[in-house]
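Peer 1: next come a sequence and a model predicted from it.
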Amino acid sequence: MKKLITALLGSAVAIAAAPASAATLDDVKSKGYVQCGVSTGLAGFSAPDDSGDWTGLDVDYCRAVAAAIFDDPDAVRFTALTAKERFTALQSGEVDILSRNTTWTISRDTALGLNFAGVTYYDGQGFMINAKKLQGINSALQLSGAAVCVQSGTTTELNLADYFKANNMEYNPVVFEKLEEVNAAYDSGRCDVYTTDQSGLYAIRLTLANPDDHVVLPEIISKEPLGPVVRHGDDQWFDIAKWVYFAMLNAEEYGITQDNLDEMLKSDNPNISRMLGTEEGSKLAADLGLEEDWVVRIIRHVGNYGEIFERNVGAESPLKINRGINALWTKGGIQYGPPIR
Amino acid sequence: MATQDSVAEGREAPRVPLLYDPKLRSIAYQVIVFVGLFAFVYWIVGNTVANLQRANIASGFGFLQSRAGFDIGQSMIEYTSDSTYGRALLVGLLNTLLVAVLGIATATVIGFIVGVGRLSKNWLINRICLVYVEVFRNIPPLLVIFFWYFGVLSVLPGPRDSIELPFNTYLNGRGFYFPKFLWGEGSGLIVIAFLLALVFAFFVRRWAYKRQEATGQQFPVFLTSLGLIVGLPLLAFVLTGMPLEFSYPELSTFNLRGGMQVKPEFLSLYLALSFYTAAFIAEIVRAGVLGVSHGQTEASFALGLRPRQALRLVIVPQALRIIIPPLTSQYLNLTKNSSLAIAIGYPDLVATGGTALNQTGQAIEIVAIWLVVYLGLSLMTSAFMNWFNARMALVER
Ligand SMILES: N[C@@H](CCC(=O)N[C@@H](CS)C(=O)NCC(=O)O)C(=O)O
């Protein structure tokens, strides 16, 4: 698309001409808001609601960053990015942070000049088919010869090629740039199979014409650790990105919730008072570049990890995804926040 | 100039203060612009390198040799996910060329027909052509592409209920399927026969031209050539025992298999670009024909040419001189518009390049490749059309 070329050209020029400033936190403070890159609309992760406000797990993470810095979860502006645009947008400084179901891979971490702040959602790639049209298919290994819809610029596209190759199967890739285009193509029968991160499949299924006709096949063909991303070259901003997330995990671990926050502030458990900034003379927050009550702000405005999970993708949401491996390490999962001390 | 005049008048050149010396001034301006431009480029390059290093982004064209890892839906050359990024870009480039070349050919044919149709005295034909031009000229090309893709091709039935057409061809939401020709032993002879026919036709034409120059007698060159070009290969085909088999499309679990498939992504892009550009070409053709003064027609009739001869020998050659230059820009537009492919997932150069960009992060390199390729294509098209134009130009005697 010409628009895309202009955008990419613009980004290339932006990379060329952006002044060499490194202190993202200072920039953000002087702007008064965090510029956060999200998806163009994936229910549960980042999507505008009926009144046009962005909601979702990825969105709440950005709100938590804004809350920690400004004590205001709304001091954040969102930029909707397709899979293909997202890294250029981050590299060129168009967004301060990318929170858009992005898989942590070595090439993105190195050659693309990015830093992953953690894994806010452990996912894996799956396949969805229209069970009504394709009766008798109940495994991905029966998909040889199928036309597969996939979004370009994703790990999905690469895993798909690897999986069919490894299993000696053929397929016909039908590749689009935009999520709506993939959805429309799948819904209209241009392809037999839709593949993406399994959480994404559940979210997309809700938007199809007849959600109940579609089933997600049992195979998971890849590891998709999704998390927020920042640019190389600004360690302080990277630290903030990491610890905002770890604080939400630790808060859940110590049972600090939006509801009981005021009581917890009176707690004399040293772990809790250190986290909530009530410990006398603690330098932890200052070393991070934030105010003493940064964790309190996050919990008050956004909640702990468990709360945002349930609210956006879990039991309280239409997606109804189980915590599974995204449960805390103390509850049989692998979500584990390094200690705040 | 002032100096020249005064020299001519035999007086000594008046002394101009250096500041007002036009020659010196123009040199000074050029030096300033050059230095400024150089400083700007230097600054941009320096800043880019610094920023890339600071962000730790890889650079250089080495990535073209690494494994691409993604598949491409339509490719004219052998390509798998094990091929390199360089090859992926080549696949994209060939796909761009394919749709551009076919689009240009089709748009030209439709454009000429519609353009001439607009000049027709038949009211119905005239109006139909007018509506066609106005409709397609006033819709953005992207919408025309969407119209074909979402409006026409995606509402076709699935593979199980394909529409059966004559000669074992099928149409469904996945594209147009037709039997594949499998040439057997001896089919090389048919190609040779075809080439021979071309050579013969060429000589027949030369001979007929000479004879007409000498004696004034005409010879049906066109029919003879057609007979040769169709007849000789046909003869070879029969003599070699019809070495041709077909592979027919057949239904498998998911799709029709076997045979050849033209995908809807290609089809909609091709049709949209052809129909869209044809509307502009039609106007150019109309303008070109109207631009030849009526006196030319009358003069050729007076010389005893029949209407078709007048058209072919007098009107069209002159009209072409008006038509070709603006036609060139339409061809360039069509080629560039083919990058709209990305909206419907046709893997052209912009689409495959974008994927490579996303995976390697090498924005500057890929954007540079895009620029160079599109610029190269445009320059090549222009060069060809300029050559053609020069050939068509009025030869002054
Ligand atoms: N996790 C994968 C895929 C992420 C991805 O882009 N998924 C798609 C399909 S679920 C998506 O979120 N698209 C939303 C959009 O383009 O706005 C990656 O990082 O490459």
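Peer 2: Great, that's in hand. Numbers count the residues shown, from 1 in each chain, chains lettered A, B, ... in the order given.
Peer 1: only C-alpha atoms for contact and neighbour calcs from this point on.
Peer 2: OK.
Peer 1: burial count for residue A:199?
Peer 2: 22 (other CA atoms under 10 Å in any protein chain shown).
Peer 1: wait, I meant residue B:26
Peer 2: For residue B:26, using other CA under 10 Å, the count is 11.
Peer 1: secondary structure element holding it?
Peer 2: Per DSSP states H and E: residue B:26 is located in helix B:22-54.
Peer 1: in that helix, what counts as buried?
Peer 2: Residues B:44, B:47, B:48, B:49, B:50, B:51, B:52, B:54 are the ones in helix B:22-54 that count as buried (16 or more other CA atoms under 10 Å in any protein chain shown).
Peer 1: which helices and strands does it pack with?
Peer 2: helix A:2-17 (3 or more CA pairs under 8 Å, 6 or more residues apart in numbering or on different chains; DSSP states H and E).
Peer 1: any idea of the mean pLDDT for the helix or strand containing residue A:160?
Peer 2: Taking DSSP H and E as the criterion, residue A:160 maps to helix A:155-166. Confidence for helix A:155-166, expressed as mean pLDDT, is 94.
Peer 1: write out the residues of the stretch 51-200 of chain B neighbouring chain A.
Peer 2: Taking CA under 8 Å from any CA of the partner chain as the criterion, the stretch 51-200 of chain B approaches chain A at residues B:51-52, B:54-58, B:69-73, B:81, B:154-155, B:158, B:173-174.
Peer 1: I'd like the distance from stretch A:71-88 to the chain centre, please.
Peer 2: Computed by CA atoms, centre = their mean, to the nearest Å, the chain-centroid distance of stretch A:71-88 equals 11 Å.
Peer 1: next one: stretch A:112-126
Peer 2: With CA atoms, centre = their mean, you get 7 Å for stretch A:112-126.
Peer 1: and what of stretch B:72-80?
Peer 2: 21 Å.
Peer 1: buried ones in it?
Peer 2: For stretch B:72-80, the neighbour count (16+ other CA under 10 Å) marks B:72, B:73, B:74, B:75, B:79, B:80 as buried.
Peer 1: dump those residues to CSV, plus pLDDT.
Peer 2: Below are the buried residues of stretch B:72-80 laid out as CSV (pLDDT from 0 to 100):
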residue, pLDDT
B:72, 93
B:73, 89
B:74, 89
B:75, 89
B:79, 93
B:80, 91
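Peer 1: sort out for me which of the residues of the stretch 51-200 of chain B next to chain A are in helices.
Peer 2: Among those, DSSP state H puts B:51, B:52, B:54 in helices.
Peer 1: got the CA positions of the longest helix anywhere in chain A in CSV?
Peer 2: Selection of the longest helix in chain A by residue count, based on DSSP H, yields helix A:235-253. In CSV, the C-alpha atoms belonging to helix A:235-253 read as follows (Å, rounded to 0.1, in the frame of the first residue of the first chain):
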residue,chain,number,x,y,z
ASP,A,235,18.5,0.9,30.7
GLN,A,236,16.5,3.0,33.1
TRP,A,237,13.4,2.8,30.9
PHE,A,238,14.0,-0.9,30.5
ASP,A,239,14.2,-1.3,34.3
ILE,A,240,10.9,0.5,34.7
ALA,A,241,9.2,-1.6,32.1
LYS,A,242,10.4,-4.8,33.9
TRP,A,243,9.6,-3.8,37.4
VAL,A,244,6.2,-2.5,36.8
TYR,A,245,5.3,-5.9,35.6
PHE,A,246,7.2,-7.7,38.4
ALA,A,247,5.5,-5.5,41.0
MET,A,248,2.1,-6.7,39.7
LEU,A,249,3.2,-10.3,40.0
ASN,A,250,4.6,-9.7,43.5
ALA,A,251,1.5,-7.9,44.6
GLU,A,252,-0.6,-11.0,43.6
GLU,A,253,1.8,-13.3,45.4
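Peer 1: so that helix, near chain B or not?
Peer 2: No - applying CA under 8 Å from any CA, one finds helix A:235-253 separated from chain B by no less than 11.7 Å.
Peer 1: what average pLDDT does that helix get?
Peer 2: For helix A:235-253, mean pLDDT rounds to 96.
Peer 1: pLDDT score assigned to the residue of the stretch 201-350 of chain B found nearest the ligand?
Peer 2: Nearest residue of the stretch 201-350 of chain B to the ligand (CA to the nearest ligand atom) works out as residue B:343 at 13.3 Å. Each residue has a pLDDT score; the one for residue B:343 is 87.
Peer 1: quick check: phi and psi at it.
Peer 2: Backbone torsions of residue B:343, given as degrees, to the nearest 10, read phi -70, psi -20.
Peer 1: so how far is residue A:186 from it?
Peer 2: 15 Å (CA to CA, to the nearest Å).
Peer 1: between these two, which one's more packed in?
Peer 2: residue A:186 (23 against 18).
Peer 1: summarise which helices and strands the helix or strand harbouring that one is packed against.
Peer 2: Assessed by DSSP H and E, residue A:186 sits inside helix A:179-187. Secondary-structure packing of helix A:179-187 (3+ CA pairs under 8 Å, 6+ apart): strand A:146-151.
Peer 1: give me the buried positions along stretch B:300-311.
Peer 2: B:300, B:305, B:310, B:311.
Peer 1: report the contact partners of the most centrally placed residue in chain A.
Peer 2: Centroid-nearest residue in chain A: residue A:101, 3.3 Å away (criterion: CA atoms, centre = their mean). By CA atoms under 8 Å, 6 or more residues apart in numbering or on different chains, the contact set of residue A:101 is A:39, A:45, A:58, A:226, A:227, A:228.
Peer 1: buried ones in the longest helix of chain A, by neighbour count?
Peer 2: Applying 16+ other CA under 10 Å to helix A:235-253 flags A:236-238, A:240-253 as buried.
Peer 1: measure the closest residue to residue B:57 other than its chain neighbours to the ligand for me?
Peer 2: Excluding the flanking residues, the one nearest residue B:57 by CA to CA, 6 or more residues apart in numbering or on different chains is residue A:113, at 4.8 Å. Residue A:113 sits 15 Å away from the ligand, taking CA to the nearest ligand atom, to the nearest Å as the criterion.
Peer 1: that's all I had, so thanks and see you.
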